[in-house]
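[1] I would like to see how this sequence folds:
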Amino acid sequence: MDVLTAIHTRRTVHSWTDKPVEPATVEEMLSAAHQAPCHRMTWPWRFIVVGQLTRNSLLPTAVRLAAAKAGVDPNEKIGRAVKSKILTPGGLIAVVLRRDDDDFRHRENYAATACAVQNMLLVATSHGLGSKWSTGKLTRQSETAAVLGVDESCEEVVGFVWIGHCARVPTIVRPPLGDHVLQLP
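    Purely as a prediction, here's the structure:
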């Protein structure tokens, strides 16, 4: 698949099958991420390929957050829904950013890391896979950082990149490009 087709067909997927993702595809995604533009060659990112055992360790925190969002105590129904959401996609990569004390350099490093994520998403699309960059509350919990081995004193989880075979590909209607472009003489 050419890059423009990947850009125009990439979608954020929310519905997955349980079919696993080939390890070679994950490696290709990570390699592409590492090729992202990087201000001052800081390579501020770290990628954690999260297996099923570790995903299971994330479940108690995810269930607690989902129950709190629903305004109820954790229960079996919420547990099943969260378990499906966390365990079903074929792959999960946690994206970690090394913090920088200089605010501007930290912004540059975040931008570079976002470019790395986009590279991963495009590779997934080129392989016919769905993807989702998730920055929800689960990614910002100390319990999550502990499970992933992230040192919160100098790192932060930028998000999760979920990848897998789509059960359903969403459609999207974008506003006209002209609504977002200003051309100056």
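[2] quick one, helices of the protein?
    Assigned by DSSP state H, the chain shows helices spanning 3-9, 23-33, 52-70, 76-87, 103-126, 142-148.
[3] buried set for the longest one?
    What it means is helix 103-126. Neighbour counts over helix 103-126 (16 or more other C-beta atoms under 10 Å) mark 106, 108-110, 112-126 as buried. Where you see a C-beta, it was placed from the backbone N, CA and C, and this is true even at glycine.
[4] Also the fourth one?
    Buried residues in helix 76-87, counting neighbours by 16+ other C-beta under 10 Å, are found at 78-79, 82, 85-86.
[5] Residue 105 and residue 41 touch, don't they?
    No. Using C-beta atoms under 8 Å, residue 105 is not in contact with residue 41, being 12.0 Å away.
[6] Tell me the spacing between the most centrally placed residue in the chain and residue 28.
    For the chain, the residue nearest the mean C-alpha position is residue 161 (2.2 Å; C-alpha atoms, centre = their mean). Per C-beta to C-beta, to the nearest Å, residue 161 is found 13 Å from residue 28.
[7] What of residue 36?
    Here the criterion is C-beta to C-beta. By it, residue 36 lies 14 Å from residue 28.
[8] Ok, residue 100 next?
    Distance of residue 100 to residue 28, given as C-beta to C-beta: 29 Å.
[9] Find the residue closest to residue 34 in space, skipping its chain neighbours.
    residue 116 (7.1 Å; C-beta to C-beta, 6 or more residues apart in numbering).
[10] dump the residue contacts of the one you found.
    33-34, 36, 45, 95 (C-beta atoms under 8 Å, 6 or more residues apart in numbering).
[11] Strands - which of the residues you listed land there?
    Of the contacts of residue 116, the ones assigned to strands by DSSP state E are 45, 95.
[12] Let's have the contacts of residue 116 in TSV, adding distance to residue 182.
    Output for those, formatted as TSV (distance: C-beta to C-beta, whole Å):
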residue	distance to residue 182
33	31
34	34
36	27
45	32
95	32
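[13] Using neighbour counts, trim the contacts of residue 116 to the buried set.
    Here, 16+ other C-beta under 10 Å leaves 33, 36, 45, 95 buried among these.
[14] On the strand side of things, show who the last one bridges to.
    The reference is to residue 95. Using DSSP bridges, the bridge partners assigned to residue 95 are residue 47, residue 159.
[15] Do you know the pLDDT at it?
    For residue 95, the pLDDT comes out at 98.
[16] gap between it and residue 118?
    For residue 95, the distance to residue 118 - C-beta to C-beta - is 11 Å.
[17] And for the third one?
    If you measure residue 45 against residue 118 using C-beta to C-beta, the figure is 12 Å.
[18] Quick check: neighbours shared by these two?
    Common neighbours of residue 45 and residue 118 (criterion: C-beta under 8 Å, 6+ apart): residue 36.
[19] hmm, back to that, redo the buried ones among the contacts of residue 116 as TSV? Include distance to residue 139.
    Output for the buried ones among the contacts of residue 116, formatted as TSV (distance: C-beta to C-beta, whole Å):
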residue	distance to residue 139
33	17
36	19
45	14
95	9
